[in-house]
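Asks: Task: produce atomic coordinates for the following.
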Amino acid sequence: MSARMEVADVFRRHVEAYRRLHDGHLGRVERRVMSAIELCRTAELGGHIEGCRSCGTIRVAYNSCRNRHCPKCQGQACREWLAAREAELLPVAYFHVVFTLPAEIAAIAFQNKALVYAILFRTAAQTLRTIAADPKHLGAEIGLIAVLHSWGQNLHYHPHIHCIVAGGGISLDGKNWVACRPGFFLPVRVLSRLFRRLFLEELRTAFEAGKLSFFGDLTHLAKPEAFAVCSPKPAASNGSSTPSRPSAGRNRCWPISAATPIASPSPIRG
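Replies: Numbers count the residues shown, from 1 in each chain. From the prediction side, this is the model:
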């Protein structure tokens, strides 16, 4: 039996206090995930008895929760996914690009996860492919892997997408490989401007079509005049983004090594 602390141990010790403290901010999905991890491989989920006919050893094995968020149940699936993605890597440089949402829009996303996440994935991919296809920048059709993270390192709700992008692509005529400049993929400010426009256009369209839900602390955003909080503002003179707009991540696209695990790429500042 391993003596190391696991996520399930933390949940069992502190989950009730956490639920009471954050009761108004926990949705049905979050509660189900927490409950699954808390009960994983305990008698609550049942189990079976294993016995050795040679030595007579008896062992009780409790069932796993099989929830996709459980680190214990999905460890092997994670390793298999990583191996499959590593097998797809090309012998070229790769870049790590992050698209994230400001707090105002994250609050809307929390109550409209499927809709806003779909918009986030779609507009992030469209942004990268559009700018990469522009002959002024790369002039190529690129490929990418996008992974959604719905919380940050402090475990607060913070939806953002990590994109792993090959440093080049197929020329628009489909005949040649077009490589990006060493250590540089695409200009992040150009990516930011297009991403903000595409994302906000789709979000506003969904709002005007009545597809967004607002309840609890967000009922004030159900009014058209209040929805202006999600509208883009003029860029600051230094080109930085304001908190009310989606961002395309940090101030550059980080190159990563082909040997870096793509589930948690580490920036290389070379």
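Asks: residue with max distance from the center of the protein?
Replies: Largest separation from the mean C-alpha position in the chain: residue 54, at 49.1 Å (CA atoms, centre = their mean).
Asks: so that one, which of the three states?
Replies: For residue 54, the assignment made with DSSP: H, G, I helix; E, B strand; the rest coil gives coil.
Asks: separation between it and residue 60?
Replies: Distance, residue 54 to residue 60, by CB to CB, to the nearest Å: 19 Å. (C-beta placed from N, C-alpha, C; glycine too.)
Asks: dump the residue contacts of residue 4.
Replies: Residue 4 makes no contacts at all, as judged by CB atoms under 8 Å, 6 or more residues apart in numbering.
Asks: ditto for residue 142
Replies: 128-129, 132-133, 165-166, 168-169.
Asks: secondary structure element for residue 73?
Replies: For residue 73, there is no enclosing helix or strand under DSSP states H and E.
Asks: Give me the phi and psi angles of it.
Replies: phi -70, psi -30 (degrees, to the nearest 10).
Asks: That one touches residue 45, doesn't it?
Replies: No: with contact defined as CB atoms under 8 Å, residue 73 does not reach residue 45; the gap is 11.1 Å.
Asks: Low-confidence regions, the protein specifically.
Replies: Counting by pLDDT under 70, the chain shows low-confidence ranges at 1-3, 215-270.
Asks: Just the helices from it, written as ranges.
Replies: 7-21, 28-39, 75-88, 103-111, 113-133, 188-208 (DSSP state H).
Asks: Which elements pack onto the shortest one?
Replies: Packing contacts for helix 103-111, counted by 3 or more CB pairs under 8 Å, 6 or more residues apart in numbering; DSSP states H and E, involve helix 113-133, strand 157-166.
Asks: again, but for the fifth one
Replies: Counting contacts by 3+ CB pairs under 8 Å, 6+ apart, the secondary-structure elements packed against helix 113-133 are strand 94-100, helix 103-111, strand 140-141, strand 144-151, strand 157-166, helix 188-208.
Asks: coming back round to it: shared neighbours of residue 73 and residue 45, which are they?
Replies: Joint contacts of residue 73 and residue 45 (CB under 8 Å, 6+ apart) are 64-65.
Asks: So which of the two has more stuff around it?
Replies: Per other CB atoms under 10 Å, whichever of residue 73 and residue 45 has more neighbours is residue 73, with 17 against 14.
Asks: Ramachandran coordinates for the residue nearest to that one when sequence neighbours are not counted?
Replies: The shortest distance from residue 73 to any residue other than its chain neighbours is 4.7 Å, reached at residue 64 (CB to CB, 6 or more residues apart in numbering). Dihedral angles of residue 64 (phi, psi; degrees, to the nearest 10) stand at phi -90, psi 160.
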